[in-house]
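Chemist: dropping the sequence and predicted coords here.
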Amino acid sequence: MMRNVMLIARRETAAFFASWIGYAMAAAVLAVDGLLFYGFALGSGKQLSAEVVRQFFYFSSGTTMITGILLAMRLVAEERGSGTIVLLRTSPLTSGEIVVGKFFSALAFLAFITLCTIYMPLLVKVHGKVSVGHLAAGYGGLLLLGAASIAIGLFASTLTRVQVVAAIVGGAILVGLLVLWFVARKADPPMSSILVALALYSTHFEPFMKGVVHLKDVLYYVSLTYFFLLLSMRSLDAQRWD
C-alpha cells in the first residue's frame, strides 16, 4: 500500500513543482505574508518579540487555509474533468491509496511554501529574541491547520469535476467550521461548549501562535484531517459504481 501511496504522492508533487501555477501560488503567499508581516507586525510600533511572532502566525494562518483549499481543489476534480479519473478507478489502486497519496502531495507542497516564510520571524532576531520552541510550535500549528484545510478541499474535489466549484464548496465548509465559535456565543450550554470544541480556529490554533502545544489541539486537527480524508475515500468508492 505504501509503495502505491508514494508513487501517487511523487507524481502529484512533481506536477505542483512543474506547473507555473504552483510557483505563482507560492509567490503570492510569500508576498501577502510579507506585506502583512511588515505592515501589521514590524510596522506597528515597539512590541515584544514574542508578540510580533504571534502576529506573524496569526496572519499566516489565513493564507495557509486559503492555500490548502486552492491546492486541493484540483486533486480529483481535474482528473474527472480531463477523464483520467477512469484510469484511476479501473486501476488496482484503492480509493484510500489515491486519497492519501494526493493528500500528501499537496501537504508536501504546502509545507514547502510555509517553510519558505521562515526568514520573516527570523528578522525579529535583528533587534530582539526569538524562541526556537515558539517557532517550532507555530509552524507545527500551521502545518496541522494546513493539513485539515487540504483534507476539506480534497473532499470537495471528489464531489465535482469543476475546480472552481470544488474551491467554493471547500471554502464554504472551512468558513462553516471557522464561525462555529461565533455560533457558540449564541447557544446555551452544553451545546456552546461542543461548538467551541469543534471550531476550526479560535480554540485550537491560538495556543500554537503563542508557542504553546496542547495534545488536545493536535488531536483535534489530526482527527479533523482523518475525518475528511475518510469522507473523500467514501466519495470515491461511491463513484466507482456510477
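Modeler: The structure has been received and is ready for your questions. Numbering: from 1, shown residues only.
Chemist: hey, which helix or strand in this protein has the poorest pLDDT?
Modeler: Ranked by mean pLDDT, DSSP states H and E, the weakest helix or strand in the chain is helix 85-90, scoring a mean of 62.
Chemist: ok, residues contacting stretch 18-28?
Modeler: By C-beta atoms under 8 Å, 6 or more residues apart in numbering, the list of residues contacting stretch 18-28 from outside reads 15-16, 67, 70-71, 109, 112-113, 116. C-beta coordinates here come from the backbone N, C-alpha and C atoms, glycine included.
Chemist: would you mark the buried spots in stretch 171-187?
Modeler: Neighbour-count burial for stretch 171-187 flags 171, 173-174, 177, 180-181, 184 (criterion: 16 or more other C-beta atoms under 10 Å).
Chemist: do stretch 214-228 as well
Modeler: Of all the residues in stretch 214-228, those buried under the rule 16+ other C-beta under 10 Å are 217, 220-221, 224-225, 228.
Chemist: quick one: it to chain centroid distance?
Modeler: Centre-to-centre, stretch 214-228 and its host chain are 12 Å apart (C-alpha atoms, centre = their mean, to the nearest Å).
Chemist: follow-up on the earlier one: make TSV from the buried residues of stretch 214-228 and add secondary structure and pLDDT to it.
Modeler: Converted to TSV, the buried residues of stretch 214-228 look like this (DSSP: H, G, I helix; E, B strand; the rest coil; pLDDT from 0 to 100):
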residue	secondary structure	pLDDT
D217	helix	96
Y220	helix	96
Y221	helix	97
L224	helix	97
T225	helix	98
F228	helix	97
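Chemist: show me the residue sitting in the middle of this structure in space.
Modeler: What sits nearest the mean C-alpha location of the chain, by C-alpha atoms, centre = their mean, is G146, with 1.9 Å.
Chemist: pLDDT score assigned to it?
Modeler: G146 carries a pLDDT value of 97.
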